[in-house]
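A.B. asks: Got a predicted structure plus its sequence, pasted below:
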Amino acid sequence: MTLNPSPAASSPSPEGRGGQGVRTPYRWTICALLFVVTTINYMDRQVLSILAPTLQLELHWSESQYAAVVYSFTLVYAVGFLFAGWWLDYVGVRRGLATAVVVWSLAAIGHALARTTAAFAVARASLGLGESANFPGAIKSVGEWFPKEERALATGIFNAGTNTGAILTPLLVPLIALNWGWRWAFVVTGSLGFLWLLLWLALYRNPEATFGAPAASAAPRVPWLQLLRVRQTWAIVAGKFLADPVWWFYLYWLPKFLDKTYGIKLAQVALPLITVYVIADVGSIGGGWLSSALLKRNWSVNRARKTAMLLMALAIVPTALAPRAGSMWTAVCIIALAAAAHQGWSANVYTLASDMFPPSAVASVSGIGGFAGAMGGVLFQWLTGRILDATGGNYASIFAVCGFAYVIAWTIIHLLAPKLEPARLSSRA
């Protein structure tokens, strides 16, 4: 059986329900829930980076040991993406995300029990396993509930939770750590997921339960081997593998960069980090809004998405100059622009899965892309630790890679998917 999704076929919930899905405000309630859980997701993962200078002094970590703790999360997160995408396509978003939040919240709290580098690595790995379901689940939910012209905007809104989490964490964590100790910072932030879980179970319903439509999971299964045989999958892989490691670098190494280069300690780190991530929030929503606005002006999906992504890629190039900035605030502004453009880029790359694949394959494709992005992150973090140890903390070559990765990624995406046409898939391997 061949699956050749038309635009309507790849977004069955709004169009397939006679417009009910388009008119109901309920889909924006779903978007709000996805925004909140993504905020919590990033708070739980960013606590470590805020506390990194403190933990390195207390536990005597080298740069390479810190990198090992960081990529223990990323490695399991990467593998978890593959499982999470398949699992979410099978069990549905409601059950899948609920289970994932329980796993990662327990793992986040578990950091407070760690006493050694190995124990931190285990806690980080467990966190990565649970958190790997967040983005495939959110992307699948948006693909089921939103029409094509609203998906990038909805994705940009829930993806803004990454920046909101990164804003709240440097506000809360130093306050908690300086007053009650760093272990309580992990306990408090890790407990937030259980509060969200109560809202999720009370409010979220799968589309088929609300409208009586067949579940996407009931559609013919698309084996991974089939997904790996089409160029559209590899276009998404390229967009994630080259760009995601840069975001991981900002998330885990930016506080250390500011500490090393400008002497910004735990008590002063909040303001520059908040500045970066507030501006990044604007980029996330703005990047999603841009391609959605272009679609509403009757631009093709291909032209709208790629125009938005190219503008984001070009805005990131100046980040190569960040280590040579004359002042801390100049560097922060350059990095903030790059972070905003990255989030605008991500809002559109996430949407490519539902643009080019049927609903029964969206989470799986998103999982494959997430795996590629996280594995790129593992490699980049490993190299970052070794470069910094070898150069005495010189970040110039690392920021140069960050500056040009997106232009290269955009070029590869355009070569592999020149028209963003729907993938032709078979339900049998």
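C.D. replies: Okay, I see it.
A.B. asks: Please count neighbours and contacts with C-alpha atoms only from this point.
C.D. replies: Will do.
A.B. asks: does the most centrally placed residue in the chain count as helix, strand or coil?
C.D. replies: In the chain, the centroid-proximal residue (C-alpha atoms, centre = their mean) is Phe135; its distance is 6.2 Å. Three-state call for Phe135 (DSSP: H, G, I helix; E, B strand; the rest coil): helix.
A.B. asks: show me the contacts for it.
C.D. replies: The contact partners of Phe135, by C-alpha atoms under 8 Å, 6 or more residues apart in numbering, come to Ser366.
A.B. asks: Please save the CA atoms from stretch 276-289 in CSV.
C.D. replies: Output of stretch 276-289 as CSV, limited to C-alpha atoms (Å, rounded to 0.1, in the frame of the first residue of the first chain):
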residue,chain,number,x,y,z
VAL,A,276,19.5,35.9,25.7
TYR,A,277,16.5,33.8,26.3
VAL,A,278,13.9,36.6,26.3
ILE,A,279,15.1,37.6,22.8
ALA,A,280,15.2,33.9,21.8
ASP,A,281,11.5,33.7,22.8
VAL,A,282,10.7,36.5,20.3
GLY,A,283,12.6,34.5,17.6
SER,A,284,10.7,31.3,18.3
ILE,A,285,7.3,32.9,18.0
GLY,A,286,8.4,35.3,15.2
GLY,A,287,10.0,32.6,13.1
GLY,A,288,6.9,30.5,13.3
TRP,A,289,4.6,33.5,12.7
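A.B. asks: State the number of residues packed around Asp355.
C.D. replies: Neighbourhood size, Asp355 [other C-alpha atoms under 10 Å]: 28.
A.B. asks: my read: it touches Ala423, true?
C.D. replies: No: Asp355 is not in contact with Ala423 according to C-alpha atoms under 8 Å; the separation is 9.4 Å.
A.B. asks: ok, and what's touching stretch 384-393?
C.D. replies: Against stretch 384-393 from outside (C-alpha under 8 Å, 6+ apart): 63-64, 66-67, 260, 394-395, 398.
A.B. asks: Out of those residues, which sit inside helices?
C.D. replies: Using DSSP state H, the subset of the contacts of stretch 384-393 located in helices is 63-64, 66-67, 260, 398.
A.B. asks: What about those residues, which one has the most neighbours?
C.D. replies: Among the ones in helices among the contacts of stretch 384-393, the one with the most neighbours (other C-alpha under 10 Å) is Tyr66, at 25 neighbours.
A.B. asks: so how far is Ala202 from that one?
C.D. replies: Here the criterion is C-alpha to C-alpha, to the nearest Å. By it, Tyr66 lies 39 Å from Ala202.
A.B. asks: Would you map the helices across the stretch 201-350 of the chain?
C.D. replies: Applying DSSP state H, counting those that start in this stretch to the stretch 201-350 of the chain gives helices spanning 207-211, 224-228, 231-262, 270-296, 301-316, 328-356.
A.B. asks: So which of those is nearest Ile412?
C.D. replies: Among the helices of the stretch 201-350 of the chain, helix 231-262 comes nearest to Ile412, with 6.8 Å by C-alpha to C-alpha.
A.B. asks: Which of the residues in the closest one are classified as buried?
C.D. replies: Along helix 231-262, these residues count as buried under the neighbour rule (16 or more other C-alpha atoms under 10 Å): 231-259.
A.B. asks: give me phi/psi at the nearest residue to Ala235 once chain neighbours are set aside?
C.D. replies: Residue nearest to Ala235 in three dimensions, not counting chain neighbours: Ile413, with 4.6 Å by C-alpha to C-alpha, 6 or more residues apart in numbering. Per-residue torsions, Ile413: phi -60, psi -40 (degrees, to the nearest 10).
A.B. asks: likewise Ala112?
C.D. replies: Residue torsions, per degrees, to the nearest 10, at Ala112 are phi -70, psi -20.
A.B. asks: which residues touch Trp289?
C.D. replies: Trp289 neighbours (C-alpha under 8 Å, 6+ apart): 152-153, 156.
A.B. asks: now these in TSV, with neighbour count?
C.D. replies: Compiled in TSV, these are given as follows (neighbours: other C-alpha atoms under 10 Å):
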residue	neighbour count
Ala152	34
Leu153	27
Gly156	30
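A.B. asks: closest to Gly110 among those residues?
C.D. replies: Checking those against Gly110 with C-alpha to C-alpha, the nearest one is Gly156 at 30.8 Å.
A.B. asks: got the contact list for that closest one?
C.D. replies: Neighbours of Gly156 in contact, by C-alpha under 8 Å, 6+ apart: 284-289, 343-344, 346-348.
A.B. asks: let's see it at 7 Å
C.D. replies: Going by C-alpha atoms under 7 Å, 6 or more residues apart in numbering, Gly156 touches 284-285, 287-288, 347.
A.B. asks: one step back: where among the helices of the stretch 201-350 of the chain is the average confidence lowest?
C.D. replies: When the helices of the stretch 201-350 of the chain are compared by mean pLDDT, helix 207-211 comes last with a mean of 62.
A.B. asks: ok so, going back, a markdown table please, covering the contacts of Gly156 and showing distance to Val37 and neighbour count.
C.D. replies: Below are those laid out as a markdown table (distance: C-alpha to C-alpha, whole Å; neighbours: other C-alpha atoms under 10 Å):
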| residue | distance to Val37 | neighbour count |
| --- | --- | --- |
| Ser284 | 16 | 31 |
| Ile285 | 17 | 23 |
| Gly287 | 21 | 31 |
| Gly288 | 19 | 30 |
| Ala347 | 16 | 32 |
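A.B. asks: ok, of these, which one's closest to Leu97?
C.D. replies: Using C-alpha to C-alpha, Ala347 comes nearest to Leu97 of the contacts of Gly156, at 19.9 Å.
A.B. asks: Hmm, Ala154 and the closest one touching each other?
C.D. replies: No: taking contacts as C-alpha atoms under 7 Å, Ala347 lies outside contact range of Ala154: 8.6 Å.
A.B. asks: just to revisit the earlier point, looking at the helices of the stretch 201-350 of the chain, which is nearest to Phe83?
C.D. replies: Of all the helices of the stretch 201-350 of the chain, it is helix 224-228 that lies closest to Phe83, at 11.1 Å by C-alpha to C-alpha.
A.B. asks: Tell me the buried residues in the closest one?
C.D. replies: Neighbour-count burial for helix 224-228 [16+ other C-alpha under 10 Å]: 224, 227.
A.B. asks: Stretch 89-96 now?
C.D. replies: Buried residues in stretch 89-96, counted by 16+ other C-alpha under 10 Å: 89-90, 92-94, 96.
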